[in-house]
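>>> Requesting a structural model of the entry that follows:
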Amino acid sequence: MNANVNIRFTPDGTGECLYTDMLDLREIGTLRIKRATSIEFDDRTQRWVVWNPYGRRLFSNTSRQCCLDWEQEHFGKDKE
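Residues are numbered from 1 along each chain as shown. Down below sits the predicted model:
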């Protein structure tokens with residue numbers, strides 16, 4: 001698991017990041033949480049699946065933790 005927390009601030013002062021319990025984000029302001037993906041178990045394939053908000057399968061693995069790690073790696077980096 002990545003031990004870094006990347007917070008991107010927009011010009012209006014809004015911060016965007018993957019949520020983590022590593023620090024209390026409430027200390028810097030009011031939170032508005034929106035999931036980047038959903039991770040659900042697929043009974044048919046017996047795998048955990050990462051879905052985007054539009055229903056597209058992004059990644060799957062037999063390990064839920066592997067899916068969480070993939071989500072962190074994929075969405076946790078600053079996109080330039």
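>>> The residue of the chain positioned farthest from its centre and Glu73, how far apart?
Distance from the C-alpha centroid of the chain, by C-alpha atoms, centre = their mean, peaks at Arg44 (24.4 Å). For Arg44, the distance to Glu73 equals 26 Å [C-beta to C-beta, to the nearest Å]. The way it works is simple: take the backbone N, C-alpha and C, and place the C-beta from them, glycine included.
>>> who does the helix or strand bottoming out on mean pLDDT in the chain pair up with?
Every helix and strand in the chain was compared by mean pLDDT, DSSP states H and E; the lowest is strand 15-16, with a mean of 86. When pairing is defined by DSSP bridges, strand 15-16 lines up against strand 8-9 (antiparallel).
>>> now the helices for the chain?
Counting by DSSP state H, the chain has helices at residues 64-75.
>>> low pLDDT regions in it?
Within the chain, the ranges that satisfy pLDDT under 70 run 1-3, 77-80.
>>> where along the chain do the strands fall?
Under the criterion DSSP state E, the chain contains strands at 8-9, 15-16, 38-42, 47-51, 57-61.
>>> Tabulate the ones you listed in JSON lines, adding columns for mean neighbour count and distance to Thr30.
Shown next, in JSON lines, are these (neighbours: other C-beta atoms under 10 Å; distance: least, C-beta to C-beta, whole Å):
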{"stretch": "strand 8-9", "mean neighbour count": "10", "distance to Thr30": "15"}
{"stretch": "strand 15-16", "mean neighbour count": "12", "distance to Thr30": "11"}
{"stretch": "strand 38-42", "mean neighbour count": "13", "distance to Thr30": "24"}
{"stretch": "strand 47-51", "mean neighbour count": "19", "distance to Thr30": "28"}
{"stretch": "strand 57-61", "mean neighbour count": "15", "distance to Thr30": "29"}
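>>> To Leu25, which of these lies closest?
strand 15-16 (7.9 Å; C-beta to C-beta).
>>> re the thing from before, against Gly15, how distant is the residue farthest from the centre of the chain?
Per C-beta to C-beta, Arg44 is found 39 Å from Gly15.
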